[in-house]
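Asker: fold the following for me, if possible:
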Amino acid sequence: MSGFPAALPESRVPDSRDAPILNWGIAGPGWIAERFTESVKAHSTQNITAVGSRSAARAAEFAAKHSIPASHGSYKELAQDPDVDIVYVATPHPQHFDVAMTAIEAGKHVLVEKPMGITAEQVRAMVQAARAKNVFAAEALWTFFLPKFDVITQLLESGALGTLVNVLAEYGEHFEPGHRIFDPALAGGPLMDLGTYPLAFATRVLGAPETVAAIGTAHPAGVNSQLSTVLGFSSGAQGIVNTQLYNFTPTDAVVTGTEATLHIDGPFNMPGGFTLRHFDGRELRYEDTPGAHFEGLHYEAAAVARSIAAGLQQTPQRPLEDTLTTLELADEIRRQTGIEFPDTAKRKQKP
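Answerer: As a prediction, the model looks like this:
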């Protein structure tokens, strides 16, 4: 272990404009696709060449709004577009599997919005298909691609916190009635929309848990409204995760070690700062302008482009093994709390 550092390490994340250029196809012209498109166009040199939707009108409208050359009225057409190198899957959660598999079968690389699938089984099938087609596949969990998280990774790997003993992470938001998070058919509830972030963070820091104890509360709409989970790890470390859809919370994350504590400013999953505090009172502060999707989504696109140019089939920032660990944990939480999602593990129809 290196001990408490004299200064924080520098971020190793390069300028997104320096990444090799890929031709991107957008699958699903919704809210997150719009944020992704705006961020990539403003902060990188990646080329968005096409958009696809089950609605030709929606695809055409999105393409016109964002000056995208081509639009398609099906995900199959998008996947078969010869001018598309990689498909960014930004559909509702239950559609991720089918749309990603359609792109993979067409020989396209895929970057799939979080959660990559609604079950670990789906992700395993995607990975197997991508390997068979020799294409790239990754989960677009943008937090881990941010410059601040590269600095955090260096601190954790260097042993600056000492032996890690605890992770606390939470994420809550307020949603108006009618939002898709209240729709059971769309894998509603906070687990996949919000909970992916604290679950992924806890498992990124401490690995796969050995024990899981979860409780949940039902919502009148027929989805889960709140989850709290205690995690136990073979090292003796523990984790506590909470997510809910009632109201906004600080969205804090704290990692405690025997030497120092890392407190990431809320919302921890977005651009912003953090403090590393030694037990003797010494502090190191990482300052970063707080931001949201516009300021951050371009980093994942650039990292993916670099990975593909290097011949990789996944990203080091969010390895597929980590994605599977998070989905396996989510599966166990659903099992313990009785949450049911639509069964889309088997492809019932082509998109």
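
Asker: what does stretch 118-132 rub up against?
Answerer: 93-94, 96-97, 100-101, 104-105, 110, 112, 116-117, 136-137, 187, 192, 313, 320, 323-324, 327-328, 330-331, 341-342, 344-345 (C-beta atoms under 8 Å, 6 or more residues apart in numbering). The C-beta positions use only the backbone N, C-alpha and C, and glycine is treated the same way.

Asker: quick one: the helices in the stretch 151-300 of the chain, in order.
Answerer: Taking DSSP state H, counting those that start in this stretch, the helices of the stretch 151-300 of the chain run over residues 190-193, 196-206, 293-309.

Asker: quick one: the residue sitting furthest away from the middle of the chain and Thr261, what's the gap?
Answerer: Ranked by distance from the centre of the chain (C-alpha atoms, centre = their mean), the top residue is Asp280, with 35.1 Å. Counting by C-beta to C-beta, to the nearest Å, the separation of Asp280 from Thr261 is 12 Å.

Asker: tell me the contacts of Tyr299?
Answerer: By C-beta under 8 Å, 6+ apart, the contact list for Tyr299 reads Val13, Ser16, Trp142, Phe145, Leu146, Pro147.

Asker: tell me the confidence at the second one?
Answerer: The score at Ser16 is 98. That number is its pLDDT.

Asker: quick one: residues contacting it.
Answerer: Contacts of Ser16 (C-beta under 8 Å, 6+ apart): His43, Ser44, Thr45, His298, Tyr299, Ala301, Ala302.

Asker: list just the nearest of those to Gly207.
Answerer: Tyr299 (24.1 Å; C-beta to C-beta).

Asker: before we move on, back to that, okay, the contacts of Tyr299 in a markdown table with distance to Leu231 next?
Answerer: Supplementary listing: these in a markdown table, determined by distance: C-beta to C-beta, whole Å:
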| residue | distance to Leu231 |
| --- | --- |
| Val13 | 29 |
| Ser16 | 34 |
| Trp142 | 23 |
| Phe145 | 24 |
| Leu146 | 24 |
| Pro147 | 27 |
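
Asker: most neighbours out of the residues you listed, which is it?
Answerer: For those, the largest number of neighbours (other C-beta atoms under 10 Å) sits with Trp142, at 28 neighbours.

Asker: run through the stretch 201-350 of the chain and note the low-pLDDT ranges.
Answerer: Residue ranges of the stretch 201-350 of the chain with pLDDT under 70: 343-350.

Asker: which residue ranges of it form strands?
Answerer: 211-218, 224-232, 238-244, 253-257, 260-264, 274-278, 283-286 (DSSP state E, counting those that start in this stretch).

Asker: could I get the ones you listed as a markdown table with distance to Val165 and mean neighbour count?
Answerer: As requested, these are exported to a markdown table (distance: least, C-beta to C-beta, whole Å; neighbours: other C-beta atoms under 10 Å):
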| stretch | distance to Val165 | mean neighbour count |
| --- | --- | --- |
| strand 211-218 | 16 | 15 |
| strand 224-232 | 12 | 20 |
| strand 238-244 | 7 | 22 |
| strand 253-257 | 5 | 22 |
| strand 260-264 | 10 | 21 |
| strand 274-278 | 15 | 19 |
| strand 283-286 | 19 | 15 |
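
Asker: let's have these in JSON lines, adding distance to Phe62.
Answerer: What follows is the strands of the stretch 201-350 of the chain, written out as JSON lines (distance: least, C-beta to C-beta, whole Å):
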{"stretch": "strand 211-218", "distance to Phe62": "35"}
{"stretch": "strand 224-232", "distance to Phe62": "31"}
{"stretch": "strand 238-244", "distance to Phe62": "30"}
{"stretch": "strand 253-257", "distance to Phe62": "33"}
{"stretch": "strand 260-264", "distance to Phe62": "34"}
{"stretch": "strand 274-278", "distance to Phe62": "35"}
{"stretch": "strand 283-286", "distance to Phe62": "36"}
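
Asker: those strands: which one's closest to Lys65?
Answerer: strand 238-244 (32.1 Å).

Asker: can you list the domain ranges for the protein.
Answerer: 16-143+309-317, 150-289+321-337 (automatic domain parsing).

Asker: in the stretch 51-200 of the chain, which spans are strands?
Answerer: In the stretch 51-200 of the chain, the strands defined using DSSP E, counting those that start in this stretch lie at 70-72, 86-89, 109-113, 137-140, 164-172.

Asker: looking at those, which is closest to Glu210?
Answerer: With C-beta to C-beta as the criterion, Glu210 lies closest to strand 164-172 of these, at 14.2 Å.

Asker: on that earlier part again, for His179, which of the strands of the stretch 201-350 of the chain is the nearest?
Answerer: Comparing the strands of the stretch 201-350 of the chain against His179 with C-beta to C-beta, the closest turns out to be strand 224-232 (12.6 Å).

Asker: between that closest one and strand 211-218, how many degrees?
Answerer: Relative orientation of strand 224-232 and strand 211-218, computed by axes from the mean of the first three to the mean of the last three C-alpha atoms, to 10 degrees: 170 degrees.
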